[in-house]
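J.: What follows is a predicted structure for the sequence shown.
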Amino acid sequence: MKKILIIDDEHILLDTLEQIFKLNGYNPITAKDAKSAYKVLKTTLVDLIICDIGLPDISGQEILVQVKSNPQTKDIPVIMLSAYTDPGERATALSNQAAMYLTKPISNYTLLDIVAKMFV
Amino acid sequence: MQSYQHIEIDDINLGKLFPFYFVLDRTMRIVKCSKIVQRLFCFNHLDDINDRFKLYAPHEGFFKFEDITSNLDNQHVFGSKDAYGIKLLGEFCSIANGEELLFTGHPYLEDILDPNANLLKPYDLFNSPISSKETLTSNLKNHYDTNELKNISLIINDEQGNIEWCNRVFQQLTHYAINEILGKRPRQLIYGPESNYVFADHVDTMVQDGKPFSFENIGYTKEGEKFWFSAKVFPILNKDGVLSGRFSLLKDITQDKLNDIISSENELLLKFTLESTGDAIFVYDIIRKKLNYTSKYQAMLGYDELELLDEDVLQSLVHPEDREIFRLMLAQSFNSNDGFQSFEIRLKHKTGRYKYYLFKGKVINWDKAGKPVKMMGTISDIDKMKQANLAVRALTEQLQNLIEHLNVGILFINNEHEIMVSNKAVLSLFNIVEDSIKNKSVSNVFAPIIDQYLEPHNSFKNKLKQYLDSQKEVTNELFLLNDGRVINFELIPIWIEDDYNGSILKFTDNTEQFERNKAISETKQFYERILNEVPADIVLFDLDGNYKFINKSAVKNDEVRQWLIGKSDYDYFKAKGGDFSRYEVRKVHFNNTLYQKVESRFVEHYVLKDGTHSHRLRVMYPCFNDQGQLDIIMGYGMDITDLKNAELNITELKNYYHKILDTLPFDLVVLDTDKKFKYINQSSIKDSSIREYLIGKDMYDYCRIKGISTKLADDRAVLFDNVLQERKMLSTLDEYKTGQLNERHILRQLYPCLNEAGEIEYVIIYGFDITEQIQHQRKSELQEKRLKNLFSIINDGIVRIDNQGIVSFINPAFERIMNIQPGQADEGGINFFSYLEPIDVQIIKDKLQLLKASNLPQDGMLTLHPDSDNVRYLDYTLTYSQFTEEAFYVARVTDITEKVEKERNMSLFLNKVNDLNMSKSQFMRITSHELRTPLEIILSNTELLEMILARALPKSEHDTSRMLNRIVKEVNIMTEILNQLMMVSKIEEGKVDFRVELVDVADFINEIKEELFAPHSDGRNLVFKYPKKLMLIQADRRLLRNAVVNLLKNAFKYSFTKPEPEATIKDNGDFIEILIKDYGIGIPEDDREKLFKPFSRASNVGTVQGTGIGLMVVEYVAQQHGGSITYKSKTNVGTTFCLKLPKKVPTNLIENKN
């Protein structure tokens, strides 16, 4: 079962996403901020990260940079899922090797579709 | 001979049996022929054979049916009349009861393989002549491939090059069976890894051009065994020159090649060996007349490696005189037993010069008959050596002839210093017998003889030793012999290349010349000494103007004097620094003397360093020789300063100064202390008789003469007394009326002149006419008056100040503005600067300086009472004015307080509005962002619910999903609204990117139609009509899409029934119009003004959903592209929006955005 780390400070959304991925045969792991995300990444080898940008402690963009600069995690694909529609945010994320930049709200079906394609 | 009268000709079978057959009827027309014959000769049936064939028959002239019939025993050779036609050799037989003739034959290649055809030359392809007596019957089956052509493969191909027929040789060569061969191309059969396919392609090209082509290539048998072959391919052209096939001859040359390789390997080895000797190597194939050589050979003859030299060229390179020898030598070497020859020969170098080469050659191959086949040898460049030898020989002969008759004594010594040659002169000079010195050492035998004529300390022997050791040239060494003769000795070493080859010793009896020179020089010295003592400058020029002699008086410095000899006056002035004015004068006089042969005098004037003047008289004097010819020009110079000064006598001086005084442009009168005129200049009184009369008279006399009042004389007398009394200059202004309107103003200055004792001796009165200045001043005053009047009625304050701010004029407006009491300024003492803030004073002072420097008006603004409630702002302009001789600055001052305050309020207001706008946009942006997360939650949870329900209650899926779909749909609408909001906020903040690209409008709208309106969610379709041509515009795709989609959505939203909304495009030249028409509710008149304002919607929209910002976005997009949005509408009839876009976005719009 593919492990997906979902990082979002909105706990309802976090819970919903967890349910959806569980329901569709994935193993979702949730983190409500960067600190807990790093904790997970230290102990668990995940297959995909879905990351919000507006987080309480550290920006999702910073997490992306950290993940991509760490040799142990640099190969994990990261999908940025944010309410920011600013093209600047998108460009920054993509130049920092984000696999994809998605804006909220997004249909679960679309999201599942994208994630499924990541693992093909 | 034979007649097969019973034979029924079956084409196919006959063709198999005899590939080369044809049948003639009695009219010599071809009734039938094999396919191959038809291919080869391009026959049409019923062609007359006489038209198409040349008959090569033993009995020429018969080519009639009957003739052939009666000569059936003979073989016949037929050849096509075309250039590359193949020939057929064969026999006739009579068939069809003697009504027809059947010819059966085989290809006859003798002519094609003729070595003179120059195509397959190196290989003697054809060496077995056809037996003319063989009969058709005895060798029917194989004579055309085994016997006659045992070595040659013959292939006949169709137009495409596919093999149509081949002989058995080819089958044997390739090991393919005939059925494997037919229909294929040769390259498909025999080409392999090492074959050169370029040839195969080239064959096709050549054949297409109707040309034959020969080549060598590598082929492979069926089993893959490699062989070399040479091939010759001929095109077959029909009567019209059109290609109708080809035929090819192939020869197996494997053995030759192998031989070649072996021999070339041997040659190569030899070549390397010989090459190392530095000579060029050649190999000459005597039979083929082919010359092979190393690149050294070309280099020796001055050619590049790439330039080919063939044997013919070599022949022509041989020097005409050497050609016979060359031919003989070659013939000898071919005939001699060992075949070795070596000879010198001249060849033409590329430079065109003939050079000497040494040929060494040897025949290395003979054929069985003992004839030489191959020759090999070397060529060396011996030109240098040869040339040197020749030159030396020629030189020696010439010299010996020459020196024998010379007056000059000559000795040749070799590098061992032995005397090789001596001439008569040297022997008689020193009274020597030739035999006594011939081949003897010059130092030990000859030198001691000379030394007998010399003082011991002057030993020639010693000197000669030094000279010979140094191996350097010696010139003009003089020896004074004790018999009184003077001998000039020279030594010239002979160098050939870098080798010392001996010397030439030259002895000349210079006694006479020496004596003469001595006498001349003594005489010269004597006279020059005298000339040097003469107290005048004396120089001698030759006729070219060069100095021959300069005496000490002319040029003191010895070095300069020496330097100048042989140089010209021009050089002298050039060396002095290049002022040629004096030189020009001298040159004129020199030329005068030179051409007129007379003396020429002129005076030069110098100003010396101490300021005194000096005058020099110069004379150019022609000197003639005994024959009366001009020989030398003597320059003579003398100081005549004293004389010159004396010339100016006192009378002249007086006249001189009077003249000057008379021409002065002002009046000048001199009075003695008794007020009597001593001198009056012309300017004062024009009439000279009056002037003379007045001398010794006074002013009263003057008044009387002029008939004017003596008041002038009284006034003048008072002034004059004052001058005498005060002993200083005084002046007065006289006014004269010279007519009704004209006045003259004369400024008179009385100037007392003191003598050495300090007493006033006389008084000079100057009179300056200052009428013009006076008039000018009056005009200025008038003008100022007028201006002052003008200033008093204008609203702008005018002030005239000096550079310290002292006011000399103000107008009432200025008093008002500055709050100055009226009339206060007239009392004087007002300073403009004292009313100003210190900072403004500084600025104005700076500006005044600037104004003075540039004479450009200076603008600025002043602030009065800045910290009080009564703050005033003044606008001013400073200009420069010169009403009278004094300079002033004029300032124009305007109270602009109200205007400034208005502007200030306006900008405050604008800032507030901006802030408001910004905060609204930010509000919208933040709101739309913040709303996204809750929407995400609603959406994802709805979908999650849907997923769970779908699994838990598969049967009731229908009911729940409808409700869930509603939620999802609403979320999507809200997202859409958010996106629109986002766009608007960005537009208002000016944050939207603008990137133009070329857009095909029709294509673009079609895409949108396909995506959203075909059909729309309500089931209706967009009707899209557009002209069938490419319409390109520059646009930002994202923005344009937004605008078009908004317009189309509106069209669908606000019309509910048919007819369906329509979109059309119009090309208007520089613009494209996109028209979107609906048949809907229309837009009420009252709503039209605010239609494009944000959040405004028409009053009749009812429950139709909308954000109220769509049209605002459309308008924005139109403006961004430099276009516009307009519409026509009627309530409940419909609306047409017209989006008008330029094809090219104005550049300023693009630049503004980026």
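T.: Cool, got the structure. Numbering: from 1, shown residues only, chains lettered A, B, ... in the order given.
J.: which residues sit in contact with the nearest residue to residue B:544 once chain neighbours are set aside?
T.: Counting by Cβ to Cβ, 6 or more residues apart in numbering or on different chains, residue B:568 is the residue found nearest to residue B:544 once chain neighbours are left out, at 7.4 Å. Quick note: C-beta positions are derived from backbone N, CA and C, even for glycine. Counting by Cβ atoms under 8 Å, 6 or more residues apart in numbering or on different chains, residue B:568 touches B:544-547.
J.: So which of the residues you listed is surrounded by the most neighbours?
T.: Most neighbours among the contacts of residue B:568, by other Cβ atoms under 10 Å in any protein chain shown: residue B:547, with 22 neighbours.
J.: ok, that one - contacts?
T.: Applying Cβ under 8 Å, 6+ apart, the residues near residue B:547 are B:539-541, B:564-569.
J.: Which residues does it form beta bridges with?
T.: residue B:541 (DSSP bridges).
J.: what are the ranges of the strands in chain A?
T.: Secondary structure of chain A, counting by DSSP state E: strands at A:3-7, A:27-31, A:48-51, A:78-82, A:100-103.
J.: quick one: is the third one near chain B?
T.: Spelled out, that is strand A:48-51. No. Residues of strand A:48-51 are not located near chain B by Cβ under 8 Å from any Cβ of the partner chain, the shortest gap being 12.1 Å.
J.: near chain B, which residues of chain A show up?
T.: Counting by Cβ under 8 Å from any Cβ, chain A sits next to chain B at A:10, A:12-13, A:16-17, A:19-20, A:23-24, A:83-85, A:87, A:103-109.
J.: which among the contacts of residue B:547 gets closest to residue B:283?
T.: Relative to residue B:283, the closest of the contacts of residue B:547 is residue B:566; by Cβ to Cβ it sits at 69.7 Å.
J.: Give the helix, strand or coil label for the closest one.
T.: coil (DSSP: H, G, I helix; E, B strand; the rest coil).
J.: tell me the contacts of it?
T.: Here residue B:566 is in contact with B:546-547 (Cβ under 8 Å, 6+ apart).
J.: pull the longest helix from chain A.
T.: Once chain A is assigned using DSSP state H, the helix that runs over the most residues is helix A:11-23.
J.: Quick one: mean pLDDT over it.
T.: Mean per-residue pLDDT for helix A:11-23: 88.
J.: Just the buried residues of the residues of chain A next to chain B.
T.: Neighbour counting by 16 or more other Cβ atoms under 10 Å in any protein chain shown classes A:10, A:13, A:16-17, A:19-20, A:83-85, A:103-108 among the residues of chain A next to chain B as buried.
J.: Contact residues of chain B facing chain A?
T.: B:929-930, B:932-933, B:935-941, B:943-944, B:947-948, B:951, B:968, B:971, B:975, B:979, B:982, B:993.
J.: Dead centre of chain B: give me the residue that sits there.
T.: Against the mean C-alpha coordinate of chain B, by Cα atoms, centre = their mean, the closest residue is residue B:304 at 31.6 Å.
J.: rewinding a little: columns pLDDT and distance to residue B:174 on top of the contacts of residue B:547, output as CSV?
T.: Shown next, in CSV, are those (pLDDT from 0 to 100; distance: Cβ to Cβ, whole Å):
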residue, pLDDT, distance to residue B:174
B:539, 84, 109
B:540, 83, 109
B:541, 87, 105
B:564, 86, 103
B:565, 85, 102
B:566, 85, 98
B:567, 87, 98
B:568, 86, 99
B:569, 84, 103
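J.: if we can go back for a sec, give the contact list for the residue nearest to the centre of chain B.
T.: Per Cβ under 8 Å, 6+ apart, neighbours of residue B:304: residue B:298.
J.: would it count as being in a strand?
T.: No. Per three-state DSSP, residue B:304 lies outside any strand segment and is coil.
J.: on that earlier part again, can you tell me which of the residues of chain B next to chain A are classed as buried?
T.: Among the residues of chain B next to chain A, those scoring as buried are B:929, B:932-933, B:935-941, B:943-944, B:947, B:968, B:971, B:975, B:982 (criterion: 16+ other Cβ under 10 Å).
J.: mind exporting the strand or helix carrying residue B:39 as CSV, just the C-alpha atoms?
T.: Secondary-structure element containing residue B:39, defined by DSSP states H and E: helix B:35-41. This file holds the C-alpha atoms of helix B:35-41, laid out as CSV (Å, rounded to 0.1, in the frame of the first residue of the first chain):
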residue,chain,number,x,y,z
LYS,B,35,12.7,-9.5,-77.0
ILE,B,36,16.4,-9.0,-76.4
VAL,B,37,16.9,-7.9,-80.0
GLN,B,38,14.0,-5.5,-79.6
ARG,B,39,15.5,-4.2,-76.4
LEU,B,40,19.0,-3.8,-77.9
PHE,B,41,18.0,-2.2,-81.1
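J.: Buried residues in it, which are they?
T.: In helix B:35-41, counting by 16+ other Cβ under 10 Å, buried: B:36-41.
J.: Return the member of these nearest to residue B:205.
T.: Each of the buried residues of helix B:35-41 was checked against residue B:205 using Cβ to Cβ; the closest is residue B:39, at 20.8 Å.
J.: Next up, the contacts around that closest one.
T.: Taking Cβ under 8 Å, 6+ apart, we find residue B:39 in contact with B:156, B:158, B:164, B:236, B:244-245.
J.: Residue B:1063: which of the residues you listed is nearest?
T.: Nearest member of the contacts of residue B:39 to residue B:1063, counting by Cβ to Cβ, is residue B:158, at 62.9 Å.
J.: thinking again about what came up before, list the helices and strands the longest helix of chain A packs on?
T.: In terms of contacts (3 or more Cβ pairs under 8 Å, 6 or more residues apart in numbering or on different chains; DSSP states H and E), helix A:11-23 is packed against strand A:3-7, strand A:27-31, helix A:108-118, helix B:897-952.
J.: The second one pairs with which strands?
T.: Note on strand A:27-31: by DSSP bridges, its sheet partners are strand A:3-7 (parallel).
J.: could you give me the average pLDDT of stretch B:542-556?
T.: The model assigns stretch B:542-556 a mean pLDDT of 84.
J.: Please identify the buried residues of that stretch?
T.: By neighbour count on 16+ other Cβ under 10 Å, the buried set for stretch B:542-556 is B:545-547, B:549-555.
J.: In TSV, list those along with distance to residue B:230 and secondary structure.
T.: Formatted as TSV, those follow (distance: Cβ to Cβ, whole Å; DSSP: H, G, I helix; E, B strand; the rest coil):
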residue	distance to residue B:230	secondary structure
B:545	88	coil
B:546	86	strand
B:547	91	strand
B:549	95	strand
B:550	95	strand
B:551	101	coil
B:552	102	coil
B:553	104	coil
B:554	99	coil
B:555	96	coil
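J.: ok, back up a step: now tabulate the contacts of residue B:39 in CSV and tack on neighbour count.
T.: Shown next, in CSV, are these (neighbours: other Cβ atoms under 10 Å in any protein chain shown):
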residue, neighbour count
B:156, 23
B:158, 16
B:164, 20
B:236, 25
B:244, 17
B:245, 23
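J.: pLDDT at the most centrally placed residue in chain A, what is it?
T.: The residue lying closest to the centre of chain A (Cα atoms, centre = their mean) is residue A:50, at 1.3 Å. With respect to pLDDT, residue A:50 scores 94.
J.: and if you look at the one 5 residues further on?
T.: Residue A:55 is assigned a pLDDT of 85 by the prediction.
J.: thought it was touching residue A:34?
T.: Yes. The pair residue A:55 / residue A:34 is scored as a contact, 5.8 Å apart, by Cβ atoms under 8 Å.
J.: Quick check: neighbours shared by these two?
T.: A:7, A:63.
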